[in-house]
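# sequence? don't have it. structure:
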């Protein structure tokens with residue numbers, strides 16, 4: 001399929017530019033709008049971030065060097081693009097309330113990578129080993145209609161912290177008492193923690209979109225500490241922050257500190273039906289209590305929950321004590337939506353394949369473009385009609401197939417309805433042939449010297465008579 005921008009892509013870029021102009025950022029020029037529409041079409045249709053592929057699929061209309069130059073050097077307000085696009089989507093669907101959901105993900109990179117920003121050793125959750133990769137923090141907004149990616153941050157661990165952990169590990173083995181071990185290094189602003197990055201995302205959203213009321217903030221156990229929960233509530237003006245606690249965390253009960261697991265083991269759980277993301281009901285076993293969590297130094301609403309077939313409880317913690325336990329549990333099921341978003345982004349956002357853009361700006365601007373693709377699909381006429389008629393939305397994969405089909409039809413129509421169809425087809429054929437790649441294969445030996453493969457007479461062993 002060719003990547004001649006379709007009307008839905010052109011309309012999206014036009015709306016994005018108008019939104020960009022309203023937030024006092026530098027609007028896109030006409031050529032930049034054309035470039036952006038072409039790249040977004042390329043990311044969706046080609047399914048990868050590949051300048052050469054974009055050039056081929058435009059049949060030479062857009063040169064690879066020109067596409068790359070605009071990405072690297074054009075005066076585009078990259079830091080405002082996602083904000084402007086989000087404002088455009090929120091306005092289109094008249095979004096006034098929603099739930100903010102945080103999660104992190106990673107992208108595997110080559111072990112020999114040296115020019116791609118933010119690459120470091122990442123623990124592989126599947127194997128327990130390590131790989132070279134990039135890590136991201138994503139923030140999405142889940143509303144009663146649609147789920148929208150809001151922002152992202154790259155995470156890079158503090159090298160000093162890594163050295164400290166290794167030192168402390170060695171000191172433990174050597175039997176050095178805790179008080180004599182090396183002190184944890186002070187936080188370094190050049191290497192913010194995941195919690196700090198997440199709070200920055202929340203603060204940025206609240207500042208840029210004050211008209212959206214945040215009903216709750218959801219995050220996994222990594223963010224289940226007192227500082228994050230209190231600060232998240234503060235920066236978003238939302239009283240309800242929901243996360244998870246570890247089973248060994250201490251709570252106050254009858255004048256003693258006991259672990260969550262021990263506390264909830266005293267009572268038999270109550271079986272009930274939990275509505276999952278407004279859809280199916282699943283049987284769960286639940287217990288709840290408003291407890292003083294020692295590490296938080298304040299009361300939290302703690303819910304012990306396990307699904308049918310599970311043996312161990314997971315412990316959900318909520319900052320607002322006035323909610324009902326079922327409402328907290330039901331709201332927390334929305335956290336799964338960020339997992340779906342990340343899966344769609346990796347499968348269809350284009351950036352996850354061949355995204356070899358060097359430097360900090362190359363990495364950040366590439367992810368921005370891929371998230372703009374998600375916003376574009378949310379505003380696709382088919383998706384928009386479904387949402388506005390309160391019908392289930394179409395999956396990202398289906399929308400991509402619709403755009404691919406439309407791109408194919410557009411290419412054929414351009415030839416069929418031309419004043420001279422045969423001449424236009426011949427032109428198309430020539431451009432197509434000229435744009436096809438010509439790479440040498442390393443599998444075949446044609447044109448190469450295989451060397452001498454035959455016996456040497458003087459070295460042949462003659463058996464003695």
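Good, I have the coordinates. Note that this is a predicted model, so its numbers are computed, not measured.
# what ranges do the strands span in this protein?
Ranges of strands in the chain, per DSSP state E, are 97-108, 120-123, 130-142, 147-155, 213-218, 241-245, 250-253, 256-259, 270-275, 281-293, 298-307, 314-318.
# Residue 14: which of these is closest?
Closest of those to residue 14 is strand 147-155, at 19.4 Å (criterion: Cβ to Cβ). Backbone N, C-alpha and C define where each C-beta goes, glycine included.
# packing partners for that closest one?
Where contact means 3 or more Cβ pairs under 8 Å, 6 or more residues apart in numbering; DSSP states H and E, strand 147-155 is packed against helix 78-92, strand 130-142, helix 194-208, helix 336-348, helix 359-378.
# can you pull the contacts of the residue nearest in space to the middle of the chain?
Nearest residue to the geometric centre of the chain (Cα atoms, centre = their mean): residue 342, 4.6 Å. Going by Cβ atoms under 8 Å, 6 or more residues apart in numbering, residue 342 touches 103, 105, 138.
# Give me the pLDDT value at it.
The score at residue 342 is 90. That number is its pLDDT.
# Kindly indicate which of the contacts of residue 342 lies nearest residue 124.
residue 105 (13.0 Å).
# shouldn't the closest one be in contact with residue 138?
Yes. Using Cβ atoms under 8 Å, residue 105 is in contact with residue 138, at 6.5 Å.
# okay, these two: which has more neighbours?
Set residue 105 next to residue 138 and count neighbours by other Cβ atoms under 10 Å: residue 138 wins out with 22 against 19.
# which residues does that one contact?
Residue 138 neighbours (Cβ under 8 Å, 6+ apart): 102-105, 149, 151-152, 338, 341-342.
# bridging residues for it?
residue 103, residue 152 (DSSP bridges).
# tell me the contacts of the nearest residue to residue 93 once chain neighbours are set aside?
Using Cβ to Cβ, 6 or more residues apart in numbering and skipping residues adjacent in sequence, the residue nearest residue 93 is residue 145, 5.8 Å away. Applying Cβ under 8 Å, 6+ apart to residue 145 gives the contacts 93, 95, 387, 390.
# Filter those down to the ones in helices?
residue 387 (DSSP state H).
# For the contacts of residue 145, which ChimeraX command selects only the ones that are buried?
Selecting only the buried entries of the contacts of residue 145 in ChimeraX, with 16 or more other Cβ atoms under 10 Å as the criterion:
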select :93,95,387
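# The contacts of residue 145: which two are farthest apart?
Taking Cβ to Cβ as the measure, the contacts of residue 145 have their most distant pair in 95 and 390, spaced 14.4 Å apart.
# who's in contact with residue 444?
Contacts of residue 444 (Cβ under 8 Å, 6+ apart): none.
# Distance of it relative to residue 450?
For residue 444, the distance to residue 450 equals 11 Å [Cβ to Cβ, to the nearest Å].
# same check, this time on residue 2
For residue 2, the distance to residue 450 - Cβ to Cβ - is 42 Å.
# Those two: who's more crowded?
Each of residue 2 and residue 450 has its neighbours counted (other Cβ under 10 Å); residue 2 has more, 20 against 6.
# thought that one was touching residue 410?
Yes. Counting by Cβ under 8 Å, residue 2 does reach residue 410; the two are 7.4 Å apart.
# how many neighbours does the residue nearest to residue 13 when sequence neighbours are not counted have?
Of all residues not flanking residue 13 in the chain, residue 37 sits nearest, at 4.8 Å (Cβ to Cβ, 6+ apart). Per other Cβ under 10 Å, the neighbour tally for residue 37 reads 22.
# how about TSV for the helices and strands packed on strand 147-155, with distance to residue 284 added?
Formatted as TSV, the helices and strands packed on strand 147-155 follow (distance: least, Cβ to Cβ, whole Å):
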stretch	distance to residue 284
helix 78-92	33
strand 130-142	21
helix 194-208	27
helix 336-348	14
helix 359-378	32
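# which one of these lies closest to residue 165?
So among the helices and strands packed on strand 147-155, strand 130-142 is nearest, using Cβ to Cβ, at 13.9 Å.
# Hey, what's the angle from that closest one to strand 213-218? Just curious.
Strand 130-142 runs at 150 degrees relative to strand 213-218, counting by axes from the mean of the first three to the mean of the last three Cα atoms, to 10 degrees.
# Let me know the average pLDDT across strand 130-142.
90.
# quick check: angle from it to strand 97-108?
160 degrees.
# in strand 130-142, what counts as buried?
Applying a neighbour-count criterion of 16+ other Cβ under 10 Å, one finds 133-142 buried in strand 130-142.
# Residue 197: neighbour count?
21.
# Which residues are in contact with it?
Neighbour list for residue 197: 137, 153, 155 [criterion: Cβ under 8 Å, 6+ apart].
# And residue 65, how close does it get to residue 118?
26 Å.
# who's more crowded, the two?
residue 118 (16 against 10).
# residues touching the more buried one, list them.
Neighbours of residue 118 in contact, by Cβ under 8 Å, 6+ apart: 134-135, 154-156, 360, 363.
# Could you single out the nearest of the residues you listed to residue 77?
Among those, residue 360 lies closest to residue 77 (Cβ to Cβ), at 16.7 Å.
# out of everything not next to it in sequence, what's closest to the closest one?
Residue 360 sits nearest to residue 117 (Cβ to Cβ, 6+ apart), 4.4 Å away.
# check contacts around that neighbour.
Residue 117 touches 134, 154, 358-360, 362-364, counting by Cβ under 8 Å, 6+ apart.
# Drop anything exposed from the residues you listed.
The buried subset of these (16+ other Cβ under 10 Å) comprises 134, 362-364.
# Need the max-distance pair from the residues you listed.
It's 134 and 362 that sit farthest apart of the buried ones among the contacts of residue 117, by Cβ to Cβ, at 11.7 Å.
# circling back: quick check: which of the helices and strands packed on strand 147-155 is nearest to residue 61?
helix 359-378 (19.2 Å).
# how about the helices in the stretch 351-465 of the chain?
Secondary structure of the stretch 351-465 of the chain by DSSP state H, counting those that start in this stretch: the helices cover 359-378, 381-388, 396-416, 421-435.
# re the thing from before, of the contacts of residue 197, which is the nearest to residue 296?
For the contacts of residue 197, the nearest to residue 296 is residue 137 (22.2 Å; Cβ to Cβ).
# And the closest one, how far from residue 252?
From residue 137 to residue 252 the distance is 32 Å (Cβ to Cβ).
# just residue 294 next, same as before
From residue 294 to residue 252 the distance is 7 Å (Cβ to Cβ).
# Many thanks, we can stop here.
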